[in-house]
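# I would like to see how this sequence folds:
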Amino acid sequence: MKGRITRFITFCIAIAMIMAPSVSRVYAGRAGGDTYPVGSDVYVERAEVKPSLSLSRLEVPIDKIGEDQVVEMTIEGAAEKYAPTGLHIKFDDRLELLMDDGDYAEKGPALKRLSGTQYPDFCDDEGVLHGMFLTTSAKENYGRDGVMWRFRVKLPEDAKVGDEYPVELLFKRNVTINTQDVFTNCLDDKSGKLMEAWLFTRGVEQGYIRVIDKVEEAEETEEVEEVVEKKAPKGDLNGDGVVDAVDASRLLSNYATYSTGIAVPTEEDIYVSDVNGDGMIDAIDASNVLAYYAFVSSGGTLTFEEFLTKK
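A predicted model of the protein is given here:
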C-alpha cells in the first residue's frame, strides 16, 4: 500500500511539472502589420536561431524637441546566420523623416558586409513619408549582431510633455503577387524559415519617442580643493624621479644662464638646484649631484638628502 502511495505522489509531481508554465526566458512580441503565416506555435519553437530585433526607445526633454532624433534598429542573436532581409519600418505620422544625401536610412555595423537598398513607403495624401522598406543581400551569411539601420526624424514643433510617437517594425505580405518581408539565411532553408518565423512572431521590440519634462541640470557646487604645493625633489631638475648626470648637466647649464643674466631662477629653481643650501646655484651644486650619482651607481642606497647630510 505504501509503495502505491509513493508511486502515485511521484506521478502527480511529474504531471505538475509538465503542466507548469515555462519561465526560462521572456521574449519580445510580434511585428505589427499582417499576421505571419505559421503552422503552429510548436513549429516556431523549433527554431535554433531566435533573434531579437529592437527599435530605439527615446525620451526627449521638451527643450530638445527641435533637435534631430536618431532611431536605431538593432539585432541580437543572429550573428552570421542571416543575409537576405526585407523589413518595413513605420513611424508616427506626426514625425518627419529626414533624408541625408538622398538616403532615408544609414547602414549600421551589423550590415557592413551586406548590400543594402532602401525604398520610401507609407506616403500620406500629401506625399510625406512615414516609413520605409529596407532590404539587404549577400552571397554568404555575413550579417552580424548590432545596429542594422539608423535614421533621423524630427518631432513636431507643437509636441507636448507626455506625447509619444510609435516607431514600429511591420510585417507586410502581399498574397496577390506572393511576396512578403523576410529575415532568413542565404539558402532560405528550414533553419532560415524557422528563424524568420521566430523573429516576426516572437522577436520584435517596438520603439517610440516620448517627450518628457525638461531635465534639470544638477546644481553645480563649487568645491574648494586644498592646494598642496608639491616641490620637486632637490637635485632632480628634469623631474624624472632620479638624480643623475643629466641633472648635473642641466644644473651647470642653468648656472651659466643665471650668471650671465640670460635667465632669472624662480623660487622652485632655487629650491631644486641649490642642493647644498648655501643660497647660491653654482658648480658646487652640480658637483654634489655628480657625486651622488656615482654613489648610487656603485650600490649606494641613501636618498639624495641623506647623502648630503652624511657627506
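
# roughly how far does G241 sit from P233?
Distance from G241 to P233, counting by C-beta to C-beta, to the nearest Å: 8 Å. Bear in mind the C-beta positions are built from the backbone N, C-alpha and C, glycine included.

# what about these two, which has more around it?
Using other C-beta atoms under 10 Å, the more surrounded residue of G241 and P233 is P233, with 16 against 8.

# so who does the closest residue to that one other than its chain neighbours touch?
The spatially closest residue to P233, leaving aside those adjacent along the chain, is F304, at 6.7 Å (C-beta to C-beta, 6 or more residues apart in numbering). Applying C-beta atoms under 8 Å, 6 or more residues apart in numbering to F304 gives the contacts P233, K234, G235, D236, V243, V275, Y292.

# could I get those residues as TSV with pLDDT and distance to P120?
Shown next, in TSV, are those (pLDDT from 0 to 100; distance: C-beta to C-beta, whole Å):
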residue	pLDDT	distance to P120
P233	81	70
K234	86	75
G235	86	74
D236	88	69
V243	86	73
V275	85	78
Y292	85	79
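
# list just the nearest of those residues to A110.
D236 (53.5 Å; C-beta to C-beta).

# just confirm that closest one is within a strand.
No: under DSSP: H, G, I helix; E, B strand; the rest coil, D236 falls outside any strand and is assigned coil.

# from Y293, how far out is it?
Using C-beta to C-beta, D236 is found at 11 Å from Y293.

# intersection of neighbour lists for the two?
Common neighbours of D236 and Y293 (criterion: C-beta under 8 Å, 6+ apart): V243, D247.

# tell me which of the two has more neighbours.
Between D236 and Y293, counting by other C-beta under 10 Å, Y293 is the more crowded of the two (20 against 17).

# please name the residues that touch the more buried one.
V243, D244, A245, D247, A248.

# quick check: which element contains it?
Assigned by DSSP states H and E, Y293 belongs to helix 283-297.

# in that helix, which residues are buried?
By neighbour count, with 16 or more other C-beta atoms under 10 Å as the criterion, the buried positions of helix 283-297 are D285, A286, N288, V289, L290, Y292, Y293, F295, V296.

# distance to T257 for those residues - can I get that in JSON lines?
Converted to JSON lines, the buried residues of helix 283-297 look like this (distance: C-beta to C-beta, whole Å):
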{"residue": "D285", "distance to T257": "14"}
{"residue": "A286", "distance to T257": "13"}
{"residue": "N288", "distance to T257": "19"}
{"residue": "V289", "distance to T257": "17"}
{"residue": "L290", "distance to T257": "19"}
{"residue": "Y292", "distance to T257": "23"}
{"residue": "Y293", "distance to T257": "22"}
{"residue": "F295", "distance to T257": "28"}
{"residue": "V296", "distance to T257": "27"}
